[in-house]
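Chemist: Could you look at this predicted model? Sequence included:
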Amino acid sequence: MRVDTTSGGTAGDGPLYVAAKKIYPQAVHGRFRKIKWGLLAVTLSIYYFLPFVRWDRGANAPDQALLIDLDGRRAYFFSIEIWPQEIYYLTGLLILAALILFLMNAVAGRIWCGYLCPQTVWTDLFMLIERWIEGDRRERMKLDAQPMNAQKMAKKGIKHVLWLAIAMWTGGAWILYFGDAPTIVGDLFTLQAAPVTYVFVAILTFTTYSLAGMMREQVCTYMCPWPRIQAALTDEWALNVTYRADRGEPRGSLKEMKKRAEEGLPAGDCIDCYQCLHACPTGVDIRNGMQLECIQCGLCIDACDSVMKKIGRPTGLIGYDTDMNLARREEGKPPIYNLVRVRTVIYAAIIAIVGSIMIYTLTSRSFADVNVLHDRNPVFVRLSEGGVRNGYTVRILNKRPYERTFLLRVAGLPEDARLEAVGISQSVDGNPIITVGPDRTRELRVLVFTSGTDELAASTEVVFQIVDVKDGERATAGDMFKTQ
């Protein structure tokens with residue numbers, strides 16, 4: 001639908017309200033349309049089929065390449081495993097996504113909206129189905145104008161059934177990322193899935209069907225905040241789909257422009273064919289300048305270029321250009337392009353820094369951890385022979401999908417200090433040996449003894465250390481040893 005003014009109010013007043021006018025985008029062919037088809041195929045293939053990709057992580061671990069395991073409190077991405085306490089990686093991904101969006105805007109405006117936005121991708125798919133069933137622009141307009149009959153009902157019915165099928169598979173595919181995909185598919189079709197699964201599939205089916213099939217450009221124009229935000233982030237050097245008025249004006253019919261040229265009068269290349277308007281999925285006439293509804297998809301470029309080729313004029317009457325070049329052409333200067341500038345360099349640098357930090361932390365992170373909590377009551381116990389005992393709760397974390405054995409040590413106390421783990425009988429040189437199951441944590445009570453306190457302060461910093469007896473991986477946690 002496209003907004004169109006409707007008269008109202010007293011004479012001389014502007015319209016009091018606007019009426020909706022349905023948009024019938026026309027099919028076009030060209031390089032930008034091919035790019036959009038290619039990206040649609042790639043992105044939808046990844047979304048629909050990635051849950052079925054397997055990745056061997058060994059025993060006791062799921063083999064789905066991408067999985068958000070809510071029950072196990074884990075997220076898996078191929079060889080990467082994220083624990084709940086590593087939620088900062090999600091923060092890093094969101095920061096990277098925002099910065100990449102800013103960089104894309106600085107380079108080529110709303111290129112995300114025109115090529116990669118889920119709303120655009122699914123709307124393109126739904127319109128492909130619509131053209132296949134009902135025909136191109138003129139056929140769809142003619143079909144909508146005629147009264148309801150068996151043929152019209154059949155075409156509309158088949159279209160909406162296919163839309164619902166795509167929407168249902170879209171909603172179902174989203175659920176597959178939160179459990180074993182083949183199992184969930186089997187449960188869904190045999191009606192053995194949990195009720196909440198069907199609820200979420202129904203919600204996502206409804207939103208996909210309504211947004212991509214019924215609302216379309218209204219989502220981009222009214223619901224999405226990005227068009228308002230990107231206006232504050234763009235500048236005169238950003239590439240945007242632009243009509244070259246210096247070359248296209250004055251415009252008129254082909255016959256009229258030929259006549260003006262023969263008479264020696266100014267004649268533009270634009271023949272007022274409206275193919276750019278008819279190709280636009282949001283109903284924008286790009287010849288009126290940059291508009292909020294324009295998603296920078298480039299389909300108007302393909303439509304205009306095809307017309308220019310037919311009439312023997314150079315292509316590029318509509319193309320990606322900058323506001324700076326529009327001003328330079330009016331002054332008779334050649335166009336220049338400056339994609340590498342302070343804004344884009346800063347965005348790229350921050351992206352590189354954040355990405356490098358995330359990669360470094362991922363590659364250097366430990367798969368074992370230890371946490372220590374000092375007893376509060378009593379803080380310490382003085383022994384009959386004059387020594388002091390402190391009690392701690394130690395929690396050892398094993399992030400590997402197999403059982404591991406750790407040696408527990410404490411540093412920072414005199415050599416005669418003694419460590420004892422309640423319930424643990426095995427030890428090496430007085431240091432307890434603790435076994436932790438695969439992908440588990442183990443909590444134990446640990447007592448630390450000293451035989452004398454003359455050389456110790458009232459509060460001494462100590463370090464608990466765990467060491468994997470096989471691969472030597474270490475983790476430490478600090479606390480205090482109290483004597484007063």
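Modeler: Noted; the coordinates are in hand.

Chemist: C-alpha from now on. contacts and neighbour counts both.
Modeler: Noted.

Chemist: Next secondary structure after the helix or strand harbouring Asp144?
Modeler: Here Asp144, judged by DSSP states H and E, is contained in helix 137-145. Per DSSP H and E, the first helix or strand lying C-terminal to helix 137-145 is helix 150-176.

Chemist: In the helix holding Asp144, which residues are buried?
Modeler: 137, 140, 143 (16 or more other CA atoms under 10 Å).

Chemist: of all these, which comes closest to Glu331?
Modeler: Checking the buried residues of helix 137-145 against Glu331 by CA to CA gives Arg137 as the nearest, at 39.7 Å.

Chemist: does the closest one really touch Ile23, like I thought?
Modeler: No - using CA atoms under 8 Å, Arg137 makes no contact with Ile23, being 9.2 Å away.

Chemist: List the contacts of Ala59.
Modeler: Contacts for Ala59 were tallied using CA atoms under 8 Å, 6 or more residues apart in numbering; they are 401-402.

Chemist: show me the residues around Leu103 that make contact.
Modeler: 344, 347-348.

Chemist: go with 6 Å
Modeler: 344, 347 (CA atoms under 6 Å, 6 or more residues apart in numbering).

Chemist: for this protein, where's the lowest mean pLDDT among helices and strands?
Modeler: In the chain, no helix or strand scores lower on mean pLDDT, DSSP states H and E than strand 2-6, which sits at a mean of 47.

Chemist: how about the helices in the stretch 301-450 of the chain?
Modeler: 323-330, 342-364 (DSSP state H, counting those that start in this stretch).

Chemist: Check the ones you listed for me: which has the lowest mean pLDDT.
Modeler: For the helices of the stretch 301-450 of the chain, mean pLDDT drops lowest on helix 323-330, to a mean of 87.

Chemist: And it, what's buried?
Modeler: Buried-residue list, helix 323-330, by 16+ other CA under 10 Å: 324-326.

Chemist: For that helix, which outside residues touch it?
Modeler: Against helix 323-330 from outside (CA under 6 Å, 6+ apart): 236, 335.

Chemist: How far off centre is that helix?
Modeler: 35 Å (CA atoms, centre = their mean, to the nearest Å).

Chemist: do stretch 40-48 as well
Modeler: 14 Å.

Chemist: Kindly report the same for stretch 369-385.
Modeler: 47 Å.

Chemist: Now that stretch - C-alpha only, PDB.
Modeler: Output of stretch 369-385 as PDB, limited to C-alpha atoms (Å, rounded to 0.1, in the frame of the first residue of the first chain):
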ATOM      1  CA  ASP A 369      37.300 -22.200  36.400                       C
ATOM      2  CA  VAL A 370      37.400 -22.000  40.100                       C
ATOM      3  CA  ASN A 371      35.400 -19.800  42.500                       C
ATOM      4  CA  VAL A 372      36.000 -19.400  46.300                       C
ATOM      5  CA  LEU A 373      33.700 -18.200  49.000                       C
ATOM      6  CA  HIS A 374      35.100 -17.600  52.500                       C
ATOM      7  CA  ASP A 375      33.100 -18.800  55.500                       C
ATOM      8  CA  ARG A 376      31.300 -15.900  57.300                       C
ATOM      9  CA  ASN A 377      30.500 -17.500  60.600                       C
ATOM     10  CA  PRO A 378      33.000 -18.200  62.000                       C
ATOM     11  CA  VAL A 379      35.500 -16.300  60.000                       C
ATOM     12  CA  PHE A 380      38.400 -18.400  61.500                       C
ATOM     13  CA  VAL A 381      38.800 -21.100  64.200                       C
ATOM     14  CA  ARG A 382      41.800 -21.000  66.600                       C
ATOM     15  CA  LEU A 383      43.000 -24.500  67.200                       C
ATOM     16  CA  SER A 384      44.200 -26.000  70.600                       C
ATOM     17  CA  GLU A 385      47.800 -26.300  69.400                       C
END
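
Chemist: So which of the buried residues of helix 137-145 is the closest to Leu44?
Modeler: Arg137 (25.2 Å).

Chemist: list the contacts for the nearest residue to the closest one once chain neighbours are set aside?
Modeler: Distances taken as CA to CA, 6 or more residues apart in numbering place Gln26 nearest to Arg137, at 5.0 Å, with adjacent residues excluded. Counting by CA under 6 Å, 6+ apart, Gln26 touches 137, 278-279.

Chemist: Same check on Val410?
Modeler: So Val410 contacts 463-464 (CA under 6 Å, 6+ apart).

Chemist: And it, how far from Asp479?
Modeler: Separation of Val410 from Asp479 (CA to CA, to the nearest Å): 10 Å.

Chemist: What sits closest to Glu293 if chain neighbours are left out?
Modeler: Thr221 (5.3 Å).

Chemist: What is the burial count for the one you found?
Modeler: Using other CA atoms under 10 Å, Thr221 has 18 other residues around it.

Chemist: what helix or strand does the spatially most central residue of the chain sit in?
Modeler: Residue closest to the mean C-alpha point of the chain, counted by CA atoms, centre = their mean, is Ala97 at 6.5 Å. Ala97 is part of helix 88-108 when elements are defined by DSSP H and E.

Chemist: Dump the C-alpha coordinates for whatever helix or strand comes next after that helix into PDB.
Modeler: Next along the chain after helix 88-108, taking DSSP H and E as the criterion, comes helix 111-115. Extracted as PDB, the C-alpha positions of helix 111-115 are listed here (Å, rounded to 0.1, in the frame of the first residue of the first chain):
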ATOM      1  CA  ILE A 111      21.900  -0.900   1.500                       C
ATOM      2  CA  TRP A 112      21.100  -3.200   4.400                       C
ATOM      3  CA  CYS A 113      17.400  -2.500   3.900                       C
ATOM      4  CA  GLY A 114      17.400  -3.100   0.200                       C
ATOM      5  CA  TYR A 115      19.400  -6.400   0.100                       C
END
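
Chemist: what's the spacing between helix 111-115 and its chain's center?
Modeler: With CA atoms, centre = their mean, you get 13 Å for helix 111-115.

Chemist: The very next helix or strand once past it versus helix 137-145: what angle between them?
Modeler: Using DSSP H and E, the helix or strand that follows helix 111-115 in sequence is helix 118-134. Interaxial angle, helix 118-134 versus helix 137-145 (axes from the mean of the first three to the mean of the last three CA atoms, to 10 degrees): 80 degrees.

Chemist: chain center to helix 118-134: distance?
Modeler: 21 Å.

Chemist: State the mean pLDDT of that helix.
Modeler: 95.
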